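Asks: Got a predicted structure plus its sequence, pasted below:
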Amino acid sequence: GDRPDAKRDSYYWRLVATGLSFLVFGIGQLVLGLLIFPIVRLLPGDTTTDNARARALLRRTFRLFIEFMRCTGVLTYDFGGVARLGKPGQLILANHPSLIDVVFLLGFTPSAGCVVKVELWSNLFTRFAVASAGYVSNSPTDLMIEGAAAALAGGQPLVMFPEGTRTRPGEPLHFHRGAASVALSAATSVTPVYIDVNPTTLTKAEPWYRIPARRPHFCLRVGADIDMESFRRMASPPAGSRAFNSLLLDVFFRELKLAPKDERGPPTEI
């Protein structure tokens with residue numbers, strides 16, 4: 001277990017720094033929501049302009065937050081191919097192993113919108129940010145697809161997690177077809193991002209203070225765009241959506257080197 005290794009890799013400092021990171025993030029979101037975003041809305045421009053300014057502010061603060069976590073020793077990371085993110089109408093699809101995946105993707109993608117959990121609209125720390133940036137709620141599904149398509153049609157790059165929630169360690173990936181429907185209906189390009197966190201941290205199954213014995217490394221890789229035309233030419237949108245979703249799963253299983261469902265055992269740390 002972790003106990004014998006607890007003094008390795010600055011374990012206790014990382015525990016303190018992880019808690020401090022959550023505090024900094026929460027205070028930062030409140031300051032943005034209560035002080036900065038209201039000032040931004042007073043500037044000349046329409047709602048679309050206000051939303052774009054809010055997304056630009058969030059991008060900068062997310063980048064600062066990532067660097068804060070790196071400098072305090074909470075994590076290390078590399079992000080390959082990041083220059084290919086941020087094209088107008090680009091749908092960015094990523095797996096979701098950790099709580100802070102979205103911070104990386106929005107921090108490194110210019111002008112990006114995002115499909116986020118509906119609960120964030122009622123969370124004191126996040127409600128102002130998601131509303132000011134014009135992010136899209138993931139529920140109900142029909143309005144999510146409509147809102148995501150509108151964001152892409154308006155030229156935003158858009159981040160989506162086809163799983164809809166964080167991956168549970170040891171369980172196979174499962175993609176909902178909402179992302180496939182959005183991709184088929186409105187994306188000018190579809191770009192996968194493969195996220196691997198080793199050792200796992202901030203997963204669906206564990207609280208923030210259960211940090212790993214070793215400092216986690218986040219490896220994010222931007223994959224090749226997926227050609228959508230063959231799926232759009234299929235007899236019906238549902239058929240195209242099913243076929244695309246199946247291909248997407250195959251691509252992620254291959255790129256993340258995941259074993260087929262019946263061969264997967266409990267998660268291991270190398």
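Replies: Sure thing, it's come through.
Asks: Quick check, residue 53 in contact with residue 44.
Replies: No. Contact status for residue 53 versus residue 44: not in contact, 10.8 Å apart, counting by C-beta atoms under 8 Å. Yep, even glycine has a C-beta here, placed from its N, CA and C like the rest.
Asks: What's the local residue count around residue 39?
Replies: 8 (other C-beta atoms under 10 Å).
Asks: With residue 247 instead?
Replies: Counted with other C-beta under 10 Å, residue 247 comes out at 14.
Asks: Look at residue 53 and residue 44 and report which has more neighbours.
Replies: Remark: of residue 53 and residue 44, residue 53 carries more neighbours, 18 against 6, as counted by other C-beta under 10 Å.
Asks: The more buried one in helix, strand or coil?
Replies: helix (DSSP: H, G, I helix; E, B strand; the rest coil).
Asks: Excluding chain neighbours, give the residue nearest to it in space.
Replies: Leaving aside its sequence neighbours, residue 53 sits nearest to residue 40 (C-beta to C-beta, 6 or more residues apart in numbering; 5.0 Å).
Asks: same thing with residue 120?
Replies: Nearest to residue 120 is residue 126, by C-beta to C-beta, 6+ apart, at 4.4 Å.
Asks: Correct me if wrong: the one you found contacts residue 29.
Replies: Yes. Between residue 126 and residue 29 there is a contact at 6.0 Å, judged by C-beta under 8 Å.
Asks: on that earlier part again, can you give me the distance of the residue nearest to residue 120 to residue 214?
Replies: 29 Å (C-beta to C-beta, to the nearest Å).
Asks: cool, and residue 105?
Replies: Residue 105 is 24 Å from residue 214, by C-beta to C-beta.
Asks: what about those two, which has more around it?
Replies: Between residue 105 and residue 214, residue 105 has the larger neighbour count (other C-beta under 10 Å), namely 25 against 17.
Asks: Pull the contacting residues for the more buried one.
Replies: Residues in contact with residue 105 (C-beta atoms under 8 Å, 6 or more residues apart in numbering) are 85, 92, 94, 112, 114, 159, 193, 220.
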